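Novice: coords please:
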Amino acid sequence: MKSTASLKDVCILIPTLNEEASIESVIKDFQAIGFEKILVIDGHSTDGTVEKARRAGGRVIVQRGTGKGRALKEAFDLIDEDYVVLIDGDGTYLPSEVNLLLDPVLNGRADHVVGNRFCNLNGRALKRLNMFGNRIINHFFGIIYGVRLADILSGYRAFATEGVRSLDLNMPGFEIESEMTIESVKKGLRIAEVPITYRPRPKGTKTKLSPFRDGLKIILTIYRMAKTQNPIFYFGLIGCFFVAAGFLMGVYVVREWINWRINHIPLTVLTAILIIVGFQLFLIGILGDVMASFHREMMLELHKTNRQKKE
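Specialist: From the prediction side, this is the model:
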């Protein structure tokens with residue numbers, strides 16, 4: 001499809017926040033390959049990141065708000081090129097592997113390519129806690145959305161610009177990677193995963209990611225967005241809590257009546273309400289799943305028609 005595209009059709013997008021130790025080398029490595037359009041979207045760094053990025057030849061924009069999610073959403077609106085390569089500015093990814101991500105997009109095999117860090121982890125690039133959390137999140141994503149990916153939180157990706165602009169991105173922080181992946185599934189974009197190398201951060205630098213706080217935000221984002229993609233899971237899980245609470249309360253009420261002939265009328269009513277609400281939520285999930293399935297089929301046909309027109 002797009003095999004005639006050149007490097008001038010590609011924008012390298014680098015979100016940064018206090019990455020003065022690595023940003024210059026990242027930009028120069030891409031320039032050495034032949035990329036000219038390099039956009040650095042900075043999150044109000046307090047070190048020399050902005051100065052070093054400009055000195056290296058990158059186009060630097062300081063974002064209006066805060067947070068990686070807001071930065072990327074702002075940057076996508078500024079890009080005129082047909083393709084985007086997203087890479088963190090912390091030096092953990094190899095610019096030399098960019099063609100691994102770009103080739104499936106340029107050749108029309110995918111709309112969104114994700115670099116899988118777990119294929120080649122150098123040294124202690126990821127702590128055990130982070131690795132465990134990543135695997136839990138990836139498994140949780142696979143169960144809900146029915147798409148098996150090994151690394152939905154990767155910061156090294158390639159897109160067709162038209163595709164990424166069709167995504168409804170609202171998350172302000174580190175949840176943005178999971179949101180982009182989920183939105184791509186919802187919009188029917190073709191997602192591919194390729195093996196990449198992941199290196200430790202430069203010495204003396206610290207990650208901005210909090211394993212517990214940001215991990216919980218990511219899990220909640222994956223669950224919240226399941227409301228329209230997998231309503232049975234979303235409403236069914238809530239329904240399970242209601243039914244379980246009603247069942248346990250019912251066991252207590254029955255036990256009190258059998259052993260001591262004590263009537264708990266209010267608790268009996270509450271038990272019935274909890275169980276009824278739980279089953280109603282299950283029903284809502286089933287009806288929602290019918291509508292979601294119809295929407296997915298419509299989106300797939302729409303993207304299929306658009307691709308055929310372009311070919």
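Novice: return the helix or strand in this structure with minimum mean pLDDT.
Specialist: helix 265-310 (a mean of 85; mean pLDDT, DSSP states H and E).
Novice: counting contacts, what elements does it pack onto?
Specialist: The elements that helix 265-310 packs onto, with contact taken as 3 or more CB pairs under 8 Å, 6 or more residues apart in numbering; DSSP states H and E, are helix 226-229, helix 231-260. Backbone N, C-alpha and C define where each C-beta goes, glycine included.
Novice: could you rerun that using 6 Å?
Specialist: helix 231-260 (3 or more CB pairs under 6 Å, 6 or more residues apart in numbering; DSSP states H and E).
Novice: my read: L94 touches T197, true?
Specialist: Yes: using CB atoms under 6 Å as the test, L94 is close enough to T197 to be in contact (5.1 Å).
Novice: now what about stretch 211-222, what contacts it?
Specialist: Residues outside stretch 211-222 that contact it (CB atoms under 6 Å, 6 or more residues apart in numbering): L129, N130, G133, I137, F140, F141, F174, E175, S178.
Novice: and the buried ones among these, selectable in ChimeraX?
Specialist: In ChimeraX, this line selects whichever of the contacts of stretch 211-222 come out buried by 16 or more other CB atoms under 10 Å:
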select :133,137,140,141,174,175,178
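Novice: between the contacts of stretch 211-222, which is closest to V251?
Specialist: Of all the contacts of stretch 211-222, the one with the least separation from V251 (CB to CB) is F140, at 30.1 Å.
Novice: per-residue confidence for that closest one?
Specialist: What the model reports as pLDDT for F140 is 92.
Novice: helix/strand/coil for it?
Specialist: helix (DSSP: H, G, I helix; E, B strand; the rest coil).
Novice: ok, now which ones touch it?
Specialist: Listed by CB under 6 Å, 6+ apart, the contact set of F140 reads I222.
Novice: before we move on, back to that, between the contacts of stretch 211-222, which is nearest L101?
Specialist: In terms of CB to CB, no member of these lies closer to L101 than S178, at 18.1 Å.
Novice: for D77, see how far away that closest one is.
Specialist: 21 Å (CB to CB, to the nearest Å).
Novice: any idea how far the least confident helix or strand of the chain is from the chain center?
Specialist: Here helix 265-310 is found 22 Å from its chain centre; the criterion is CA atoms, centre = their mean, to the nearest Å.
Novice: burial measure for E19, as a count.
Specialist: 28 (other CB atoms under 10 Å).
Novice: correction: I87
Specialist: Neighbours of I87 (other CB under 10 Å): 25.
Novice: run through who's touching stretch 159-173.
Specialist: Outside stretch 159-173, the residues that touch it by CB under 6 Å, 6+ apart are 67-70, 73, 76, 79, 82, 84, 105, 111-112, 179, 183, 187, 189.
Novice: what comes up buried for that stretch?
Specialist: Residues of stretch 159-173 classed as buried: F159, A160, T161, G163, V164, S166, L167, L169, M171, P172, G173 (neighbour count, 16+ other CB under 10 Å).
Novice: ok, stretch 58-66 next?
Specialist: Here stretch 58-66 shows G58, V60, Q63 as buried, counting by 16+ other CB under 10 Å.
Novice: now stretch 246-258
Specialist: Result for stretch 246-258 [16+ other CB under 10 Å]: buried residues G246, M249, G250, V253.
Novice: so what's R59 closest to, chain neighbours aside?
Specialist: Excluding the flanking residues, the one nearest R59 by CB to CB, 6 or more residues apart in numbering is L39, at 5.1 Å.
Novice: what do you get for T268?
Specialist: Take T268 and drop its neighbours on the chain: the residue closest to it by CB to CB, 6+ apart is V253, 5.4 Å away.
Novice: likewise for Q280?
Specialist: G239 (7.7 Å).
Novice: count the neighbours of that neighbour for me.
Specialist: 21.
Novice: who's in contact with it?
Specialist: Shown in contact with G239 (CB under 6 Å, 6+ apart): G278, L281, F282.
Novice: and S22, by the same measure?
Specialist: D90, G91, P202.
Novice: where does the nearest residue to it once chain neighbours are set aside sit: helix, strand or coil?
Specialist: Of all residues not flanking S22 in the chain, G91 sits nearest, at 3.2 Å (CB to CB, 6+ apart). Reduced to three states with three-state DSSP, the structure at G91 is coil.
Novice: tally of neighbours for G91?
Specialist: 21.
Novice: that one contacts K203, correct?
Specialist: No: the criterion here is CB under 6 Å, and G91 misses it with K203 at 10.7 Å.
Novice: where does the protein dip in pLDDT?
Specialist: Within the chain, the ranges that satisfy pLDDT under 70 run 1-5, 303, 307, 309-311.
Novice: quickly list the domain ranges of it.
Specialist: Annotated domains of the chain cover 7-226, 230-310 [automatic domain parsing].
Novice: out of these, which is the most enclosed?
Specialist: Of all the domains of the chain, domain 7-226 has the most neighbours on average by mean count of other CB atoms under 10 Å, namely a mean of 19.
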